Each structure stands twice: as C-alpha cells, then as structure tokens.
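[1] Build me a model from this:
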Amino acid sequence: MCGRYTLTDPGDLLQELQVQDDGGGELPARYNIAPTQSVPAIRQGVDGARRLGFLHWGLIPFWAKDRSIGNRMINARSETAAEKPSFRSAFKSRRCLIPADGFYEWKKVSGGKQPFHIHRPGRRPFVFAGLWERWDKGEAPIESCTVLTTAPNDRVAEVHDRMPVILRDGARDLWLDPDVRDRDLLESVLKSVPEEYLELTPVSRLVNNPRNDVVGCLDPVEL
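    From the prediction side, this is the model:
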C-alpha cells in the first residue's frame, strides 16, 4: 500500500521529463501528502505534450454513483488492475505519472507503529505509476487518480508487504503513451525496483497525523 508520500523539490524531475509549464508556478514542498488531497500528476495530451495538473487522490470510476467510493481507491494492485472494473478502462487509456521523492510505511514495534520514510539515496525524485479517471455525475466534474502497487523488494519487505510501482527511464515513456494498449507490455514495467534503489529511514511520528505537512515529518529518529 502507498498511503502517504513526499514531494519536496520536483523541479529537476519535471525538467528531465520535459513537462510543459502551463503557468501554474512552482509546486510547494510537501512532506505528508495524504489520500483525498489534490496531488500533482503528469499526463500526456493528444498532441504528445506532457502537462502537469492536479488530481484528487482516490480514483472515482466513471460509472460510480457516489464519489465516496474513491476513498477506497487510493491504490490499485498492478497484477489485477487491467481486469478490475474500477481500473480496467483507465489502465487501457488513462495512465499518468505521479511525481514523488519518498513514501511512508509503518512497522509494528514495541510501543506502537514506527513510520519509515523510503527514498532514493540523496532523496532524488522519481515517479509512481498512476491511473486517472474523470467523474461527471456530481455538481462539477472530478478528475481523480490512484497509485499502482506491486510486491516489495527485500528491503521494503522489512516494513510492508506492498510498495508503489516506481517507473524508471524508458518505462515512463511507455506508461504515458496512450497508443500503447498491449496489456503484457504494460504489465512488464510494473515491477519493484532493486533494493539498492531505495533507503529506509525511521522518522518522527509527527507524520502519523496527515494535518502535519511540515519538514519535521522527515526528522530521523533512533530505534
């Protein structure tokens, strides 16, 4: 599962991905992004340009009668997303990249649960594989997203039995390309990254409260 993540400095990543600037300005640093919030996502238009926009985190299927179903759709299992009614349409043609530079997981320890910030060495940014949908049965249309998950590598397995799909290099281009419809090809990039790609840092329990979106959430602690 991926239920919280960080995005503290996406500038270099957006430049690397050649994301078009629509005048939205710089993204603010985020230290505790939580479900149901508006999150930045990258989509590719019919003109081939990549654009940064904001989506509601918690995918609302286009056929849903009630938007509250999105509260249970913050993640989609990569192994079954192509066939599940809630995700299969988006899997075919509405894929996105969700920029991040770390995510949180909790491990049971004596005295409660200890949060860990899982990140690349140097906290370099990366992207999650995401799906998005447009729901128009309310007063105003809502565009929403979900983060795909996969089996963890051995390092992440120390704290959780799932991890978000992190896309690298050519896999990003493939995932965004709306002309790619081959399920086997798409699923081939939805794998866990190698152990050496990520580090685990125990951090402050300040992150336990999603209202705490402050740099202190990343303060390392001794176990």
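[2] contacts and neighbour counts: CA atoms only from here.
    Noted.
[3] Which residue ranges of the protein form strands?
    5-7, 19-20, 30-33, 38-44, 50-57, 75-77, 95-100, 102-109, 112-119, 126-135, 142-150, 163-164, 166-167, 199-202 (DSSP state E).
[4] wait, which of these is closest to residue 65?
    strand 126-135 (9.4 Å; C-alpha to C-alpha).
[5] Quick one: end-to-end distance for stretch 212-223.
    22 Å (C-alpha to C-alpha, to the nearest Å).
[6] Please identify the buried residues of it?
    213, 217, 218 (16 or more other C-alpha atoms under 10 Å).
[7] picking that back up, and the strands of the chain as TSV, adding mean pLDDT and distance to residue 66?
    Formatted as TSV, the strands of the chain follow (pLDDT from 0 to 100; distance: least, C-alpha to C-alpha, whole Å):
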stretch	mean pLDDT	distance to residue 66
strand 5-7	97	26
strand 19-20	86	33
strand 30-33	98	24
strand 38-44	95	18
strand 50-57	95	15
strand 75-77	98	18
strand 95-100	97	22
strand 102-109	96	29
strand 112-119	96	32
strand 126-135	98	10
strand 142-150	98	12
strand 163-164	98	26
strand 166-167	98	30
strand 199-202	98	38
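[8] Go ahead and confirm residue 36 touches residue 71.
    Yes. Residue 36 lies in contact with residue 71 (C-alpha atoms under 8 Å); the separation is 6.7 Å.
[9] okay, and the common contacts of these two?
    Each of residue 58 lies in contact with both residue 36 and residue 71 under the rule C-alpha atoms under 8 Å, 6 or more residues apart in numbering.
[10] Okay, and the beta partners of the nearest residue to residue 218 once chain neighbours are set aside?
    Leaving out its chain neighbours, the residue that sits closest to residue 218 by C-alpha to C-alpha, 6 or more residues apart in numbering is residue 203, at 5.5 Å. Counting by DSSP bridges, residue 203 is bridged to residue 220.
[11] coming back round to it: which one, of the strands of the chain, ends up nearest to residue 13?
    strand 126-135 (7.2 Å).
[12] hang on, the earlier thing: want to throw the buried residues of stretch 212-223 into CSV with distance to residue 180 and pLDDT?
    Shown next, in CSV, are the buried residues of stretch 212-223 (distance: C-alpha to C-alpha, whole Å; pLDDT from 0 to 100):
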residue, distance to residue 180, pLDDT
213, 37, 98
217, 39, 98
218, 38, 98
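[13] Now tabulate those in CSV and tack on distance to residue 178.
    Output for those, formatted as CSV (distance: C-alpha to C-alpha, whole Å):
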residue, distance to residue 178
213, 34
217, 37
218, 36
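[14] of those, closest to residue 165?
    Looking across the buried residues of stretch 212-223 and measuring by C-alpha to C-alpha, the closest to residue 165 is residue 218, at 21.8 Å.
[15] Return the residues in contact with that closest one.
    Contacts of residue 218 (C-alpha under 8 Å, 6+ apart): 31, 117, 203, 204, 207.
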